[in-house]
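Undergrad: Fold the following and give me the result.
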Amino acid sequence: MPEAQPKKNSSYLQWFGEILITLGVILMLYVVWQLFVNDPVVSQSQQQQAKEYSIVDHKNPKEFVKMRSNLKQGAVFAKLYVPRFAKDYERLIGQGTFQKITLNVIGVGHYVSTEWPGKPGNFALAAHRTSHGAPFSKIDELRAGDKVWVETNDNWFTYEYRQTAIVEPSDLSVLSDQPPGLANATKGKSYLTMTSCHPKWSNKQRIVVWFELLKTELKNGGTPVDLVNAQRQ
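TA: Purely as a prediction, here's the structure:
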C-alpha cells in the first residue's frame, strides 16, 4: 500500500503558526523595549528639561512663556510637581494636547479650552499613561491627601486631591468649570484636572483625577514649604 502523501494544508498551517509565534515574539520584545528601555529614557529626558527652568538647578534658568489666549501649541508656560509619582517628579506643561507637538515631546499638555492655573474654573491637563515617557503612568495611585503644585513665572499654585473617576472618551463634561461628576463642585472655585487613557495600554476609557486649589503664593517667596517637605518624605 503506497504511503499517504502529506497534505498541503498541514504545511500551510505550520507556516501560519510560525508566523503567529514570530509576531508574538516581536510584540513581546516591543513591549519590553517600551517599558524598560524607551519610556525610562524619555522620562529622564523630560525630567531634565523641566529642571532647566529651575533656579535651584541652574544659575540662569529658562523662563516660562506668559500665559495668554493665543499661545502656540507646545509653548511651555508652567511646570507640574507630583510627589506621589516620585519625590523629584517635575514635568513641563505645554499649551495644547496635539500628540506630535506637545504630548509626545513635552509630556504634559493643557486643554486650550480650559482655564489657566489659579483662575476660577478648571485647569485641565492630559498626558500619556504609557509610551513617550508616560508622565501619568501612576495617575491611578493618586489618593486623598495628595497635593500637586504648579509653578509659573510669578506664582506657585497648590492643589489638593478631591476625586478620581473613569469615564468614556466622549465625556467632555469632566473639563467643565463645574464638573458634574465631581462631588460638591462649586461655581467660582479653581480646579485642576488630570486625564489619561484607561486602562493602561488601552484608550477604551479615560481616567480623570480632580484637585481643588488650596493656595496661591508669589514666586519670590521661594519654593512652598509643603512641597519641600513632600519631596523629603
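
Undergrad: Nearest spatial neighbour of Trp201, chain-adjacent residues omitted?
TA: In space, and not counting its chain neighbours, Trp201 is closest to Thr130: 5.6 Å by C-beta to C-beta, 6 or more residues apart in numbering. For every residue, glycine as well, the C-beta is placed using N, CA and C.

Undergrad: so how far is Glu115 from the one you found?
TA: When distance is defined by C-beta to C-beta, to the nearest Å, Thr130 is 28 Å away from Glu115.

Undergrad: and if you look at Leu80?
TA: Noted for Leu80: a distance of 15 Å to Glu115, by C-beta to C-beta.

Undergrad: neighbour count winner among these two?
TA: Neighbour totals were compared for Leu80 and Glu115, and Leu80 leads with 25 against 19 (other C-beta atoms under 10 Å).

Undergrad: re earlier: phi, psi for the residue nearest to Trp201 please.
TA: phi -140, psi 150 (degrees, to the nearest 10).

Undergrad: so Ala165 is in which element?
TA: Ala165 belongs to strand 155-167 when elements are defined using DSSP states H and E.

Undergrad: Tell me where this protein has strands.
TA: Here the chain has its strands, by DSSP state E, at 76-81, 90-95, 108-110, 121-127, 147-151, 155-167, 190-198, 205-218.

Undergrad: Report the buried residues of the last one.
TA: Residues of strand 205-218 classed as buried under the neighbour-count rule (16 or more other C-beta atoms under 10 Å) are 206-213.

Undergrad: okay, those in a markdown table with distance to Thr158 and pLDDT next?
TA: Below are these laid out as a markdown table (distance: C-beta to C-beta, whole Å; pLDDT from 0 to 100):
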| residue | distance to Thr158 | pLDDT |
| --- | --- | --- |
| Arg206 | 25 | 99 |
| Ile207 | 22 | 99 |
| Val208 | 20 | 99 |
| Val209 | 16 | 99 |
| Trp210 | 15 | 99 |
| Phe211 | 9 | 99 |
| Glu212 | 10 | 99 |
| Leu213 | 7 | 99 |
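
Undergrad: Among these, which pair sits farthest apart?
TA: Using C-beta to C-beta, the pair of those lying farthest apart is Arg206 and Leu213, separated by 22.3 Å.

Undergrad: any idea what sits nearest Asp88, other than its immediate chain neighbours?
TA: Asp88 sits nearest to Gln231 (C-beta to C-beta, 6+ apart), 6.6 Å away.

Undergrad: That neighbour against Ala86, yeah?
TA: No - the criterion here is C-beta atoms under 8 Å, and Gln231 misses it with Ala86 at 9.4 Å.

Undergrad: shaky segments in the protein?
TA: Confidence mapping of the chain against pLDDT under 70 gives the ranges 1-10, 12, 15-18, 20-39, 55-59.

Undergrad: between the strands of the chain, which gets nearest to Ser176?
TA: Closest approach to Ser176 among the strands of the chain is made by strand 121-127 (6.3 Å; C-beta to C-beta).

Undergrad: Which residues does that closest one contact?
TA: Residues outside strand 121-127 that contact it (C-beta atoms under 8 Å, 6 or more residues apart in numbering): 80, 91, 93, 97, 103, 107-111, 114-117, 135-136, 150, 174-179, 190-196.
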